[in-house]
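>>> what follows is a predicted protein model with its sequence.
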Amino acid sequence: MTGSRIVALGHYQPPKVLTNDDLSKLVDTDDEWIRSRVGIRTRHIAEDETVVDLATEAAQKALANSGRSAAEVDLVVVATCTAVERSPNTAAAVAARLGIRAPAAYDINTVCSGFSYALATADHAIRAGAAGRALVIGAERMSDTLDWTDRSTCVIFGDGAGAALVEAQEDGAEPGIGPVVWGSEPERGDAVVITGWDPVISQQGQSVFRWATTQIAPLARQACERAGIDPSELKGFVPHQANLRIIDAIASRLGITDAVVARDVVDSGNTSAASVPLAFSKLVERGELSPGDPVLLFGFGGGLAYAGQVVRCP
Ligand code: UT7
């Protein structure tokens, strides 16, 4: 049994930016409501780019930052809830674009917790000897699921992708990806739904807000315990980017004071499974985290599914 580590990250967002003022011309909303209730100032919206395009761009950057070649990758996992095609799956389409030969390739849909689920399955595959090097991607075109006349959702979500290049570690090395804490409350699955042939997202905002601000911190603490680290020792915390008030509430309940806390929701909105790798990649690119830093990733949302783990910063 050997562990795995994140070697490099990459991210991509489509160029079109929608401001709160832009949205106030579409629905009855305003900048003050959106910033005070959710914390969002802008979000990126894909025009011609598909979810495969977004995922491929992010994966290409992670690959370039890692110094590894496509030929060295044998597993591709994409976390997404906005794949349009049923076959080939998003991971296979990305692998084809990148010229990765004969990879195991599959998609995971646990909505906003998807990246940590995907990262865990890649880590488990590597530990089991079923894979040696993986591209783990979170990619979403949430704009496809929006009703642009519904102010309660169209101001919240955005499009984007983030990716990690993950590889096996030497036996005996300190694990770069800690044990996952994952689960769900399937009986409450109707709290966030994306349904129909032309899918539309809707959520019971206040109920999900209460769940996230009360139930997630103890689970995130468990992920730290399983990694043998106290939350106060974390250098970084990258939770799902749903709402600035939720992010700050969880960080405060965890007793995080000195760590860098990802607040990319301000610029990017909620990008579901892309939010964690997107925010993490930006922190690393800006030099706000250093190689080896312990960072807690924690996704939560639709399902009501959650997953998280402590990782070492690439
Ligand atoms: O990523 C998936 C997991 N999802 C989450 O984690 C989301 C968790 N929930 C939330 O982040 C918040 O509940 C929301 C941001 C979705 C909503 O904020 P809220 O403070 O819970 O607002 P609310 O739904 O209770 O609505 C309060 C008022 C309502 O008006 P009335 O009934 O009090 O007159 C809404 O109609 O705000 C109104 N409202 C808006 N007003 C201006 C709802 N959306 C808007 C808007 N602009 N965009």
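Received the coordinates, thanks. This one's a predicted model, so the numbers in the text were calculated from it and none came from an experiment.
>>> could I have stretch 298-313 exported to PDB, CA atoms only?
Taking C-alpha atoms only, stretch 298-313 is exported to PDB below (Å, rounded to 0.1, in the frame of the first residue of the first chain):
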ATOM      1  CA  PHE A 298     -14.400  20.100   2.300                       C
ATOM      2  CA  GLY A 299     -17.300  19.900  -0.200                       C
ATOM      3  CA  PHE A 300     -21.000  19.800   0.700                       C
ATOM      4  CA  GLY A 301     -24.300  20.400  -1.000                       C
ATOM      5  CA  GLY A 302     -26.800  18.500  -3.200                       C
ATOM      6  CA  GLY A 303     -27.600  15.100  -2.000                       C
ATOM      7  CA  LEU A 304     -27.200  16.300   0.900                       C
ATOM      8  CA  ALA A 305     -23.700  14.800   0.300                       C
ATOM      9  CA  TYR A 306     -20.400  15.900   1.800                       C
ATOM     10  CA  ALA A 307     -16.800  14.900   1.600                       C
ATOM     11  CA  GLY A 308     -13.400  16.200   2.600                       C
ATOM     12  CA  GLN A 309      -9.900  15.400   3.400                       C
ATOM     13  CA  VAL A 310      -6.600  17.100   4.600                       C
ATOM     14  CA  VAL A 311      -4.100  17.300   1.700                       C
ATOM     15  CA  ARG A 312      -0.500  18.600   1.500                       C
ATOM     16  CA  CYS A 313      -0.200  21.600  -0.800                       C
END
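>>> what segments of the stretch 101-250 of the chain are helices?
114-127, 151-154, 205-226, 244-254 (DSSP state H, counting those that start in this stretch).
>>> give me the contact list for the last one.
The list of residues contacting helix 244-254 from outside it, by CB atoms under 8 Å, 6 or more residues apart in numbering, reads 37-40, 209, 212-213, 216-217, 220-221, 224, 231, 237, 239, 241, 259, 261-263, 265-266, 296, 298. Where you see a C-beta, it was placed from the backbone N, CA and C, and this is true even at glycine.
>>> not counting its neighbours along the chain, what's nearest the residue nearest the centre of the chain?
Per CA atoms, centre = their mean, the C-alpha nearest to the average position across the chain is that of Val276, at 3.2 Å. Using CB to CB, 6 or more residues apart in numbering and skipping the chain neighbours, the partner closest in space to Val276 is Phe115 (4.5 Å).
>>> count the residues that sit near the closest residue to Val180 other than its chain neighbours.
Spatial nearest neighbour of Val180, excluding adjacent residues (CB to CB, 6+ apart): Ala120 at 3.7 Å. By the criterion of other CB atoms under 10 Å, Ala120 has 22 neighbours.
>>> and the stretch 201-314 of the chain, which residues reach the ligand?
Residues of the stretch 201-314 of the chain lying close to the ligand (CB under 6 Å from any ligand atom) are 203, 205-206, 208-209, 212, 242-243, 246, 270, 301-302.
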